[in-house]
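Engineer: the sequence and its predicted three-dimensional model are supplied below.
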Amino acid sequence: MVSKVAMVYGFIVLALVFLTVWLIYYFWKLQNPSGADRRMSVNAAQSGGKENREHRRTDINWPVSLETPDGLVAAQIRNISAGGAFICCQKPLPIGEMFSLTITASDSEPMKATAKVVWSNASVPDNKVINRGMGVRFINMSEKHIRLVRETCQGNG
């Protein structure tokens, strides 16, 4: 039968092993934050990151109406490409959410599209954000409207 002293020593050794493993994990997490802890910059050039966009992007300021589960939300598109846009809004939608939107471009008919949120700065502190909003990828947009966006991007670049 195991004595009480041996059980106490065994418990102490087990506790020390657990504490050591936990400390290693804790300090590793400090050095290697998870993807959820990392925040991508709206402007890759400012952060020194490489630009990986497929389509030419241009700065604009077009009103957009988002059809969300909470109703219509008025927002602004700050930059756009044939593949997506940055939508400036106070309450960005969750990453992965799909929604319909209507873009009101100057000198053009309203453009309707379906988009998906691919990134958001919703959890970034206010003092670290210039424009609160989200990056979206266009999922469905008419060829006519894609052509209009491409022409806008070519004319401003």
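Structural biologist: Received, thanks. Just so we're clear, the structure is a prediction, and the values are computed from it rather than from any experiment.

Engineer: okay, now the unreliable bits of the chain?
Structural biologist: 1, 29-55, 156-157 (pLDDT under 70).

Engineer: what segments of it are strands?
Structural biologist: Secondary structure of the chain by DSSP state E: the strands cover 58-68, 71-80, 84-88, 98-103, 111-120, 133-141.

Engineer: so which of those comes closest to residue 9?
Structural biologist: Closest of the strands of the chain to residue 9 is strand 111-120, at 51.8 Å (criterion: C-beta to C-beta). Placement of C-beta: from N, CA and C, glycine included.

Engineer: and that closest one, which strands flank it?
Structural biologist: Using DSSP bridges, strand 111-120 pairs in its sheet with strand 98-103 (antiparallel), strand 133-141 (antiparallel).

Engineer: highest mean neighbour count out of the strands of the chain?
Structural biologist: Here the criterion is mean neighbour count by mean count of other C-beta atoms under 10 Å, and of those the winner is strand 84-88, at a mean of 24.

Engineer: ok now that strand, how far from the chain's centre?
Structural biologist: How far strand 84-88 lies from its chain's middle: 10 Å, per C-alpha atoms, centre = their mean, to the nearest Å.

Engineer: so what strands line up beside it?
Structural biologist: Here, using DSSP bridges, strand 84-88 pairs with strand 71-80 (antiparallel), strand 133-141 (antiparallel).

Engineer: if we can go back for a sec, and the strands paired with strand 111-120 as JSON lines, adding distance to residue 18?
Structural biologist: Listed next are the strands paired with strand 111-120 as JSON lines, based on distance: least, C-beta to C-beta, whole Å:
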{"stretch": "strand 98-103", "distance to residue 18": "44"}
{"stretch": "strand 133-141", "distance to residue 18": "41"}
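
Engineer: of all those, which one is nearest residue 119?
Structural biologist: Counting by C-beta to C-beta, and looking across all of the strands paired with strand 111-120, nearest comes strand 133-141 at 4.4 Å.
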